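J.: Got a predicted model here, sequence first, then my questions.
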Amino acid sequence: MPKHPSNTNRAVIQRNAEKSPLKQGQYYALIIGISNYKHYDSLEFPTKDARKIERILTNNYTFPKANITFLEDATRSNILDTLDGFEQILEPEDSLLIFYAGHGHWDKRRNRGFWLPKDAKIKAKSAWISNTTLQDYLMAYPCQHVLVISDSCFSGALLMNRRAMIDATKDFQVLYSAKSRKAITSGVKEEVPDRSVFFKELSNFLKRNTHPYLSASELFAGIRNKIIATSPLSQKPQFGAIDDTGDEGGDFIFIKKGTTETLTLEKPSPYDFLLQDPRTKERLLALRKQLDRDIPVKTLGNNLLVATWNIRKLGGNDYGGRTPEALAYIATIIERFDIVAIQEIYGDFKVLDDIKAYLGEHWDYFFSDTSIGLGGSDYRLGFFFDKRKVQQGGMISDLMLPSTRTRDENGRFIWKPAVQLMRPPFNMGFKIADKRVILCNMHLVFGSRQRKEERLEELDSILNFWKWRTHIKNVWSKNVILLGNFQTENLNEKEIHMVKESVFELSDTLKVPSNAVKTRYYNQIAFHLNPSDIQLTKNGGAFDFFESVFRKMDSKAYEAQMEKLEFTDKDGKTRTFRSKRYFYDKFWRTSQMSDNLPVWTELTV
């Protein structure tokens, strides 16, 4: 694709006859740098920056020189004519990158952002290019992926209606299988300097990247915190999907030049089969959008997203066992956090590997042994964690109560072994950069298997253990998070008061019901943190996945699966249910997902 040095006419765009090394199509780029303006102050760096991006794409990534269109000091008609040309040559498997550096403007009355071409006038908007104009082009393009990188004042207006999101998955099949229309912008609605900190970090990261494949979300994660830390004007770069352009949750993938290994896209993925079903794909995308709305942005920076989730008999076979669809939804929720404590791992441990297959190789898990007996219920405790953000710190243990010092019948001091807990909590240490934190995953016994008085005694033992451990000198970390199923039916329960009176604190943000029907407060998170290491934020809550998946209204979609199931009661007689809808609502969908909601919190490290 030839350069356009003078910009007096539209760039001539032709499809490159050379085959891309990727079966996924060709990579194109439109690079716009505007330094010299007729009616606005001229800028020194946009054209220089645009040239640098052109060199990086051609030298380091799979953008053929002929596929790059460069517009220097372009007018409105130059830009729009070139955008028209791309509509003619892009094919469904192609990827397009659009880079813009120049002036931008935010119109408060119209609640809209604009790019300002060379011929833009200060008071007349006829030569301005609005976000909605750009959105119209992106919607019309038939290609699989478009990434817009905008380095201008008020560039974040392109994303004003969407939450920023960093997709945790590195499964390129998942990212590529869904169409994407994403943007990385240098700020939100603030002015940015001509000498762009955003561009410096962007270009440095792209040049220094050594991985064969780099998603736009990973690129953003790699530059965001450095820009915020070093920008003199407190720039806050943004990343997310562009509204009303057909984004389906995918991502733009940069591919290093000279990459010869097999592209991950061609490897089998557990999502492959599921995404062939339009209904499942629709629900998966709805779940991702709900997560975008409700959960803060996940970054590789200084925030830490921690969740606890009592997943009903994870690995069990109740009501026919979990379907691959349900496992995909569970993994999609888990991947939005950095660490997830899991209660009720049960039965076939292969389910943990099945979930990890959806999450990707940068995730790992650990789980505890089980206590034998009625109270233990063969339940185990575990953690999933994103290795890109946290590392297992070397400390893994069940919580074992210390022996007590007493006297024998002769008055001599002896150590008497303590009676251990019915379900010992599972402790795991994590490192986040140079900080350490211990997560204590607990699942107190409920119902006839243990009287409440006994349960309270066990909770008191756990709280006293941590009071002792957080005050001794040689503890691995004094930052401790106690989380899991406390079996607290309401906020006035004795358990809540016991925690408040201990070395732990509870967050008002997490005073939310967390069972599926939102009537009980079973799942809790309590904190013992050194503020110089880790701080609480006001972000947290319970995530209600039934808003997007296995909704009450979806029962008919699962009737064929449910009709194949037969159940017997404790006497061996065939069990019948009031109706298919009742069975789906009360039993089947909670055995697919859970009868508890994940409770989460955001911390600053």
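T.: Arrived safely.
J.: Need the residues that contact the helix or strand hosting residue 353.
T.: Take DSSP states H and E as the rule and residue 353 turns out to sit in helix 350-359. Where contact means Cβ atoms under 8 Å, 6 or more residues apart in numbering, the residues beyond helix 350-359 that reach it are 168-169, 171, 269-271, 314-315, 322, 324, 327-328, 330-332, 334-335, 345, 363-365, 367, 382, 384. Placement of C-beta: from N, CA and C, glycine included.
J.: does residue 438 really touch residue 431, like I thought?
T.: No. Between residue 438 and residue 431 there is no contact under Cβ atoms under 8 Å: 10.9 Å.
J.: Lowest mean pLDDT among the helices and strands of this structure, which one is it?
T.: When each helix and strand of the chain is scored by mean pLDDT, DSSP states H and E, helix 172-177 comes last, with a mean of 57.
J.: just checking, next helix/strand downstream of it?
T.: strand 180-185.
J.: which regions of the stretch 101-250 of the chain sit below the pLDDT cut-off?
T.: By pLDDT under 70, the low-scoring segments of the stretch 101-250 of the chain are 153-178, 188-195, 232-235.
J.: how about the helices in it?
T.: Applying DSSP state H, counting those that start in this stretch to the stretch 101-250 of the chain gives helices spanning 131-140, 172-177, 197-208, 216-230.
J.: Please identify the most buried of these.
T.: Among these, ranked by average contacts under mean count of other Cβ atoms under 10 Å, first place goes to helix 172-177 (a mean of 22).
J.: how far away is the most centrally placed residue in the chain from residue 310?
T.: In the chain, the residue lying closest to the centroid (Cα atoms, centre = their mean) is residue 336, at 2.9 Å. Going from residue 336 to residue 310 by Cβ to Cβ, to the nearest Å gives 18 Å.
J.: likewise residue 587?
T.: Counting by Cβ to Cβ, the gap from residue 587 to residue 310 is 17 Å.
J.: ok, residue 222 to residue 239 distance?
T.: Counting by Cβ to Cβ, the gap from residue 222 to residue 239 is 11 Å.
J.: pLDDT score assigned to residue 515?
T.: pLDDT recorded at residue 515 is 95.
J.: Isn't it up against residue 594?
T.: No. At 9.4 Å, residue 515 and residue 594 do not qualify as touching, with contact defined as Cβ under 8 Å.
J.: more crowded one of these two?
T.: A side-by-side neighbour count of residue 515 and residue 594, using other Cβ atoms under 10 Å, places residue 594 first with 23 against 18.
J.: what sits against that one?
T.: So residue 594 contacts 309-312, 516 (Cβ under 8 Å, 6+ apart).
J.: From those residues, which land in helices?
T.: The members of those all map outside helices under DSSP state H.
J.: Need those residues in JSON lines (columns: distance to residue 129 and neighbour count).
T.: Shown next, in JSON lines, are the contacts of residue 594 (distance: Cβ to Cβ, whole Å; neighbours: other Cβ atoms under 10 Å):
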{"residue": "309", "distance to residue 129": "45", "neighbour count": "28"}
{"residue": "310", "distance to residue 129": "51", "neighbour count": "23"}
{"residue": "311", "distance to residue 129": "48", "neighbour count": "25"}
{"residue": "312", "distance to residue 129": "52", "neighbour count": "18"}
{"residue": "516", "distance to residue 129": "48", "neighbour count": "20"}
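J.: closest to residue 391 among those?
T.: residue 309 (21.4 Å; Cβ to Cβ).
J.: Verify the stated contact: that closest one with residue 545.
T.: No. Using Cβ under 8 Å, residue 309 is not in contact with residue 545, being 10.0 Å away.
J.: ok so, going back, residue 438 and residue 431: which is more packed in?
T.: Per other Cβ under 10 Å, whichever of residue 438 and residue 431 has more neighbours is residue 438, with 23 against 14.
J.: Give me the three-state assignment for that one.
T.: strand (DSSP: H, G, I helix; E, B strand; the rest coil).
J.: what residues are up against it?
T.: By Cβ under 8 Å, 6+ apart, the neighbours of residue 438 are 395, 427-430, 476-477, 479-481.
J.: Show me which residues of the helix holding residue 353 are buried.
T.: 351-352, 354-359 (16 or more other Cβ atoms under 10 Å).
J.: domains for the chain, by residue range?
T.: Using automatic domain parsing, the domain ranges for the chain come out as 27-269, 272-604.
J.: Alright, calling it a day.
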